[in-house]
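Engineer: kindly return the folded structure for what I paste below:
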Amino acid sequence: MNRLKPLRVILLLLACGLSWLATPYSFAQTEPSADQVNEIAKHLFCPTCQNVPLDQCGTNVCEQWRATIADLLQQGYTSAQIEQYFAERYGNQVLAAPPSSGWGGVLWALPALVLLAALLGYIRYFTQRRFTSNAQTSSPSDPALSPFIAQLEAELRQSTEQPKS
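Structural biologist: Here you go, the predicted model:
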């Protein structure tokens with residue numbers, strides 16, 4: 001009876017060890033859904049069609065890319081890793097959003113810089129216009145026009161002084 005007890009312990013440890021080895025296969029990922037694939041595909045552009053997201057394109061190349069995305073998802077890649085995978089192989093032009101480093105950082109900052117320049121131009125234009133309009137109301141800017149302005153003012157005074165018949 002004493003000999004059976006150690007044998008049982010060894011068999012129990014062996015069964016636990018075998019079940020431990022089989023654990024990764026029992027938790028293997030299933031086939032990713034089309035929604036999961038399209039969620040990543042909408043962040044990539046079709047390599048053959050201009051400005052068409054991968055999830056909306058029906059070309060053979062896009063079908064292959066979606067299959068590649070599904071394979072990478074099944075292997076455990078994250079969406080950022082999958083986007084990096086395609087960017088490394090096909091360049092940053094396949095990404096819907098450029099990276100925020102290097103020239104991509106300039107592209108991200110460009111709208112803010114244009115908006116700032118437009119705001120400064122707007123302020124400068126209306127500030128100069130206000131000062132220019134104040135200068136024009138105080139005196140005529142062109143001395144050559146002074147006689148004509150005086151004649152116009154005299155005619156206006158005459159027309160308002162004459163009674164209407």
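Engineer: center of this protein - which residue?
Structural biologist: A97 (4.7 Å; Cα atoms, centre = their mean).
Engineer: so that one sits in a strand?
Structural biologist: No: counting by DSSP: H, G, I helix; E, B strand; the rest coil, A97 is not found in a strand; it is coil.
Engineer: which residue, other than its chain neighbours, is closest to Q36?
Structural biologist: Distances taken as Cβ to Cβ, 6 or more residues apart in numbering place L73 nearest to Q36, at 6.1 Å, with adjacent residues excluded. The C-beta positions use only the backbone N, C-alpha and C, and glycine is treated the same way.
Engineer: tell me how many other residues crowd that neighbour.
Structural biologist: 21 (other Cβ atoms under 10 Å).
Engineer: in contact with it, which residues?
Structural biologist: Contacts here follow Cβ atoms under 8 Å, 6 or more residues apart in numbering; on that basis L73 touches 29, 32, 36-37, 40, 82.
Engineer: could you give the mean pLDDT of stretch 31-43?
Structural biologist: Stretch 31-43 shows a mean pLDDT of 85.
Engineer: what's the answer for stretch 127-142, then?
Structural biologist: The pLDDT scores in stretch 127-142 average 65.
Engineer: repeat for stretch 52-67
Structural biologist: 86.
Engineer: quick one: end-to-end length of that stretch, please.
Structural biologist: In stretch 52-67, first residue to last residue: 18 Å (Cα to Cα, to the nearest Å).
Engineer: counting neighbours, which bits of that stretch end up buried?
Structural biologist: 53-55, 57, 62, 65-66 (16 or more other Cβ atoms under 10 Å).
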